[in-house]
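S.K.: what's the 3D shape of this:
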Amino acid sequence: MLLSDKDIKKAIEEGRIVVEPKPDFETALSACSLDLRLGYEFSTFKFMHIPYFDPLKDSQVKMDKTVLKKGEFFILHPGQFALASTLEWLELPDDIAGRLEGRSSLGRLGIVVHSTASLIHPGMRGNIVLELSNHSHIPVALYPEMRICAVSFEKLTGPAEKPYYKQKGAKYVGQKGAVESRLGGEE
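M.R.: Coordinates of the predicted model:
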């Protein structure tokens, strides 16, 4: 069951869903989702002389981090991929999952905010990492604190037996900023 605007607001006000800093409901809350804003940190791939990434070996991913100051912007070039994160810290209870979606106005400029990671597991605690891509032919300026994505919330049939923070190998609990892949060596 998808939470309505009234239920999202109530869950945040009661502390069942934690969003820090607290959202401005007037601008961030829609009928069934909450807009989240872009953070200040971006990670982009370094140029490397390797023929491919091998996800079954130690992580070969090398990324450059960029931290912007207030008033600065990040240019996402055509075909470029970058990691970023939400400005907001999110904590979900054991019986609510989230779904991340891009905002239509940015999508119409060619900006995609997640490649595959749209599910936010119950028990997630941290900044939400965004997998940004520019599918247009024109560079796009992205500003920290702009509304970048929306999250909807779904009530589970019951609390998860193993919410994310209790899962063995949960690599992204408490993540802050544009955390790169920790895939290396997984089965």
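
S.K.: Now residue 154: which helix or strand?
M.R.: Using DSSP states H and E, residue 154 sits in strand 147-155.

S.K.: separation between residue 169 and residue 96?
M.R.: Counting by CB to CB, to the nearest Å, the gap from residue 169 to residue 96 is 22 Å. Backbone N, C-alpha and C define where each C-beta goes, glycine included.

S.K.: got it, and residue 90?
M.R.: 11 Å.

S.K.: which residues touch residue 82?
M.R.: 42-44, 74, 76, 132, 178 (CB atoms under 8 Å, 6 or more residues apart in numbering).

S.K.: in this protein, which spans are strands?
M.R.: 18-20, 34-45, 63-67, 74-76, 81-91, 96-102, 111-112, 119-120, 125-134, 140-142, 147-155 (DSSP state E).

S.K.: Show me the one of those that comes nearest residue 162.
M.R.: Smallest distance to residue 162 across the strands of the chain (CB to CB): 13.2 Å, for strand 96-102.

S.K.: ok, back up a step: among the contacts of residue 82, name the buried ones.
M.R.: 42-44, 74, 76, 132, 178 (16 or more other CB atoms under 10 Å).

S.K.: looking at this structure, which helix or strand is least sure?
M.R.: strand 63-67 (a mean of 89; mean pLDDT, DSSP states H and E).

S.K.: buried residues in that strand?
M.R.: Buried residues in strand 63-67 (16+ other CB under 10 Å): residue 63.

S.K.: Counting by contacts, list what that strand packs against.
M.R.: strand 34-45 (3 or more CB pairs under 8 Å, 6 or more residues apart in numbering; DSSP states H and E).

S.K.: how about residue 133, what does it touch?
M.R.: 76, 79-81, 111-112, 115.

S.K.: May I ask which of these has the most neighbours?
M.R.: residue 76 (23 neighbours; other CB atoms under 10 Å).

S.K.: Tell me the pLDDT of that one.
M.R.: pLDDT recorded at residue 76 is 96.

S.K.: start the count at 20, not 1, going forward
M.R.: Got it, first residue is 20 now, which makes that one residue 95.

S.K.: got the buried residues for the longest helix seen in the chain?
M.R.: Ordering each helix of the chain by length in residues (DSSP state H) puts helix 24-32 first. Applying a neighbour-count criterion of 16+ other CB under 10 Å, one finds 26-28, 30-31 buried in helix 24-32.
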